[in-house]
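Engineer: Sequence first, predicted coordinates after that:
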Amino acid sequence: MNRENKRKTFEKGYYKTHACNDSFTCRVCGRPVVPEGAGSNHRNHCPNCLISLHVDIEPGDRASDCGGRMDPISVWVRKNGEWAIIHRCRRCGALSSNRVAADDNPIKLMSIAMKPLASPPFPIERIEEMTKLMGGDGRIE
């Protein structure tokens, strides 16, 4: 969001009934971000690098003074099957969940989703040993 838009004040719930049609340039990758193609009325992160800015306390209120970069750290699937991105602020550590947009980078989304599998919390060589301990034959085929 542009700094001048950040300071706009809106009544509570404004964002739910009014679309956000603001375009902006991503501060990280430099690409222009437009609302068209998002599949939603509210664009809150770059579709290329998936980074957001910490400008809200409640969604759409633009009340946060932090302004830090929000890194995409994980994804989760909502009850209705829709994916959402978990962002963490580099500056203050705040967490937020944002819907995946229709034009988000699918490779970046999948790399975030696969990160826990690519870096398990134990040596991968121990899988056979752990399988035997749990009653399996220990073979990986």
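Structural biologist: Happy to help now that I have it. From a predicted model like this one, the values you see are computed outputs, not experimental measurements.
Engineer: got any ranges where the protein has weak pLDDT?
Structural biologist: 1-21, 37-42, 137-141 (pLDDT under 70).
Engineer: Select the longest helix from this structure.
Structural biologist: helix 106-118 (DSSP state H).
Engineer: Just the buried positions in that one, please.
Structural biologist: 108-109, 112 (16 or more other Cβ atoms under 10 Å). Yep, even glycine has a C-beta here, placed from its N, CA and C like the rest.
Engineer: where does R126 land in three-state SS?
Structural biologist: At R126 the chain is in helix, as set by DSSP: H, G, I helix; E, B strand; the rest coil.
Engineer: Tell me which residue is most central in the chain.
Structural biologist: I85 (3.0 Å; Cα atoms, centre = their mean).
Engineer: Tell me which other helices or strands the helix or strand it falls within touches.
Structural biologist: Assigned by DSSP states H and E, I85 belongs to strand 83-89. Counting contacts by 3 or more Cβ pairs under 8 Å, 6 or more residues apart in numbering; DSSP states H and E, strand 83-89 packs against strand 69-77, strand 95-99, helix 106-118.
Engineer: Show me what the last one is packed against.
Structural biologist: For helix 106-118, the helices and strands in contact under the criterion 3+ Cβ pairs under 8 Å, 6+ apart are strand 69-77, strand 83-89.
Engineer: if we can go back for a sec, going by distance to M70, which of the buried residues of helix 106-118 wins?
Structural biologist: I112 (13.2 Å; Cβ to Cβ).
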